[in-house]
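Q: After the sequence you'll find the predicted model.
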Amino acid sequence: MKEKTSKKENPLPGLAWTSDQVELDNELRKRFHLPNVSLPTSTPNAYEDVKIEENVVVPMRDGINLRANVYRPNVDGKFAVILSRLPYGKDEPYCAMPVHGRYWAKKGYACVMQDVRGKFASDGVFDPFVNEVNDGYDTLNWIVRQPWCDGNIGMIGESYYGYTQLAVATLDHPNLKCIAPGVASLGIYGSCNYNPDDNALSLQTFGYWAAEMAVDKIQRHDVALDY
């Protein structure tokens, strides 16, 4: 990445612009680190030892490979599966997917955390909302074929990975038994992207989200931003 100069004020005083995106990312994480939080549960663990498979290839019908982390009890057997498909990074601290994966595995489930098409470890181009129906269906088919799946799949997640549940549920996959979407809607046009009063693009929601999605593109392709 080439270093860019800027006449605009640095939004983070005391942090100099740098051409090293990794250094900048690490510094941001130090400054905005959230405190550790634990929530009690009345459901006892069924297992303590968790088997983790990282960046497992999940092929799509058009030849694009998506990648997922799989968490499951470290014993032989078949388990009900919990699936989350998200654009925020299955390994990133933002959504803490490794924590979720280990939690569900200890409760007796297999858990699949997948980067959607074009995001982080998955191949292809990220085109928001466009590919989630077919990619979700192909992912469900892949899960059913795995030796650790007992044929029962549920999905969980909020925001965009709430939408990925609603999208694939429209196809009525026989092995998708339940979904638990939060803060999501199938009415993308009216619910978050545009102001219903004047039909203007809602920068407070979609604009901010679009900028957040660009960070991954910068990291993947070493693109410089002109601030």
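A: Great, that's in hand.
Q: residues contacting the most centrally placed residue in the chain?
A: Central residue check for the chain by Cα atoms, centre = their mean: the C-alpha nearest the mean position is that of Leu86, 2.2 Å away. Contacts here follow Cβ atoms under 8 Å, 6 or more residues apart in numbering; on that basis Leu86 touches Cys95, Met97, Met113, Gln114, Asp115, Val116, Lys119, Gly157, Tyr160, Tyr161, Thr164. C-beta coordinates here come from the backbone N, C-alpha and C atoms, glycine included.
Q: where does this protein dip in pLDDT?
A: Residue ranges of the chain with pLDDT under 70: 1-37, 189-196, 219-227.
Q: Pop the domain breakdown of it in here.
A: 42-186, 188-227 (automatic domain parsing).
Q: Could you list every helix and strand in contact with whatever helix or strand Val58 lives in?
A: Secondary structure from DSSP states H and E places Val58 in strand 50-59. Helices and strands touching strand 50-59, by 3 or more Cβ pairs under 8 Å, 6 or more residues apart in numbering; DSSP states H and E, are strand 65-73, helix 97-107, helix 132-144.
Q: now the angle from the longest one to strand 50-59?
A: Between the axes of helix 132-144 and strand 50-59, defined by axes from the mean of the first three to the mean of the last three Cα atoms, to 10 degrees, the angle is 130 degrees.
Q: Give me the buried stretch members for helix 132-144, please.
A: Burial within helix 132-144, assessed by neighbour count using 16 or more other Cβ atoms under 10 Å, is assigned to Glu132, Val133, Asn134, Asp135, Gly136, Tyr137, Asp138, Thr139, Leu140, Trp142, Ile143, Val144.
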